[in-house]
Structure formats: C-alpha cells, structure tokens
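Chemist: sequence and predicted structure below; questions after.
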Amino acid sequence: MRETLPPPDSAALAALPIFPLPNCVLLPGGLLPLHVFEPRYRELTRDCLAGSHLMGVARLRPGYETSYYGRPPVYERCGVGRIICSEELPDGRFALLLRGVARVEIARELPVEQRSYRRVEARMLADANVDPRDAVDHHRRLIALCDRLAEVIDQGGPQLRDLVRAFDEPGQCADAIAAALVMDADARQELLEACDPMIRLQRTLGHVSHMLCELAPCDGNVN
C-alpha cells in the first residue's frame, strides 16, 4: 500500500496559495512537475516551502488570456498538491514535483495583502458514502483491466500494475489511475469535481476499457 500523505488542515485551507494554470488539473494521488519562473510564483513557492508545502492548482477558465496577469477566473473546484521535491535553480527559478492530496472548493478569494500571488479560503470536499460491496467490486474490475492494459502497452506496464494495487480505498485508486491515464483536461476536471467514488470508478473503468480496445482487439465488453 502506498503511503498516503496527510490532507491539508483547516489552517492551510483558510489561506491557501493557488497556482492558476491553463488546462491543468491535479487529481488526488497524481504527480505534477512544475517549472516555476514568474516572479509571483517564485514568491508563492518560497512561502510554500517555508510553510505547509501545500498549494492549490486551479484550472483557468476559458478566456483567461485577456487578464492573465491579473486575477482571471478559475474553476471553483481544484486540487491541492504537496511539494514532495524541489530544486531552486541558480537564476531563481524552481523545479517542483507535487503530489495531489485533496480536492477542495474555493469559498472566496482573499485580498492581496502585500503578496504578489493569489490566495483563497477553501473547504475540503468529502467523498460521498457508497455501498462498500459495489465499490470493492468495481475496484477488482479496475485491477483486472489495468493488468490487461499493462500487458499491451509499450512501456510502464509494471508501474501500472503496482499503482492499481497501491491503494486500499477504491476511490483513491480510481483517482490515481485517472491521474496517470486520463489526459483530457475536461475529463480530468469532471473527475476532480466528482465527490461520489462510484462515479470516479465507473468513469475510470470506462477510460481504461477504451484504451484497451484501442490497443488490442476486443468484443466491446472488456469490463
């Protein structure tokens, strides 16, 4: 079982720095490498490294280009990432690696208060209750499908087998597999916003099934 990083506490969510990015959605359990070069996000990174190591990764809404250097609108539901690896480069840029630890909803944006980057007050989004038998059944199907997919992909098969077995909670497993395999930003945003683990499991199963049918002949009923 993969070690689970702790979720953000209430103090961190009360003034959460956000890194707005176009078409970028950080799912819980996923990894996100970041190259930080803008001065405001260098400041954000330094403050994060000196504090909680947490930042929100908020997807910019369409049309952000006209106000990118101001406060363009972002999707209210975003991922929270914890910096698990960082390197400050000689010219002041940063190379970061984030792991997603939570899905949150932005309640309000905070005043600037002498910071060049944006901060928000956010609240955790808790998973809905599900029938544990259904969740376990979907989890087993996801493991079986990922094992089949691992046999036909050119690289990363062993890592996929390990990843799908790294989480005891079915919803967490769906998040991690989706983070690794679902590339479409709209689909990722929908998964991020889904607080029902069964929805995430079903959509992730569908995505893995589609990938499997594209890579190997199937009868249309691979799941």
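Modeler: Thanks, I have the structure now.
Chemist: any idea how far residue 165 is from residue 152?
Modeler: Relative to residue 165, residue 152 is positioned 19 Å away (criterion: C-beta to C-beta, to the nearest Å). For every residue, glycine as well, the C-beta is placed using N, CA and C.
Chemist: apologies, that question was intended for residue 205.
Modeler: 16 Å.
Chemist: go on, residue 130?
Modeler: 20 Å.
Chemist: residue 205 and residue 165 - which one has more neighbours?
Modeler: residue 205 (21 against 14; other C-beta atoms under 10 Å).
Chemist: and the gap between residue 95 and residue 36?
Modeler: In terms of C-beta to C-beta, residue 95 sits 8 Å off from residue 36.
Chemist: which of the two has more residues huddled nearby?
Modeler: Set residue 95 next to residue 36 and count neighbours by other C-beta under 10 Å: residue 36 wins out with 21 against 13.
Chemist: may I have the beta-bridge partners of the nearest residue to that one once chain neighbours are set aside?
Modeler: Among residues not flanking residue 36 along the chain, residue 94 sits closest, at 4.0 Å (C-beta to C-beta, 6 or more residues apart in numbering). Here residue 94 sits in beta bridges with residue 36, residue 88, going by DSSP bridges.
Chemist: for residue 50, see how far away residue 94 is.
Modeler: Residue 94 is 13 Å from residue 50, by C-beta to C-beta.
Chemist: and residue 26, how many neighbours?
Modeler: 29.
Chemist: now residue 47
Modeler: Neighbours of residue 47 using other C-beta under 10 Å come to 15.
Chemist: that one: what secondary structure?
Modeler: Classification of residue 47 using DSSP: H, G, I helix; E, B strand; the rest coil returns helix.
Chemist: what's near enough to touch it?
Modeler: Going by C-beta atoms under 8 Å, 6 or more residues apart in numbering, residue 47 touches 17, 115.
Chemist: between residue 94 and residue 50, point out the one with more neighbours.
Modeler: Per other C-beta under 10 Å, whichever of residue 94 and residue 50 has more neighbours is residue 94, with 20 against 8.
Chemist: could you report the pLDDT at the more buried one?
Modeler: For residue 94, the model assigns a pLDDT of 97.
Chemist: just give the strands next to the helix or strand harbouring residue 19 in its sheet, each with its orientation.
Modeler: Taking DSSP states H and E as the criterion, residue 19 maps to strand 16-22. In the sheet, strand 16-22 lines up against strand 54-60 (parallel), strand 118-124 (antiparallel) (DSSP bridges).
Chemist: what sits up against it?
Modeler: 8, 34, 41, 44, 47-48, 54-60, 64, 72, 74, 78, 80, 104, 106, 117-122.
Chemist: whichever of those residues end up buried, select them in ChimeraX.
Modeler: Buried members of those, defined by 16 or more other C-beta atoms under 10 Å, are picked up in ChimeraX with:
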select :8,34,41,44,48,54,55,56,57,58,59,60,64,72,74,78,80,104,106,117,118,119,120,122
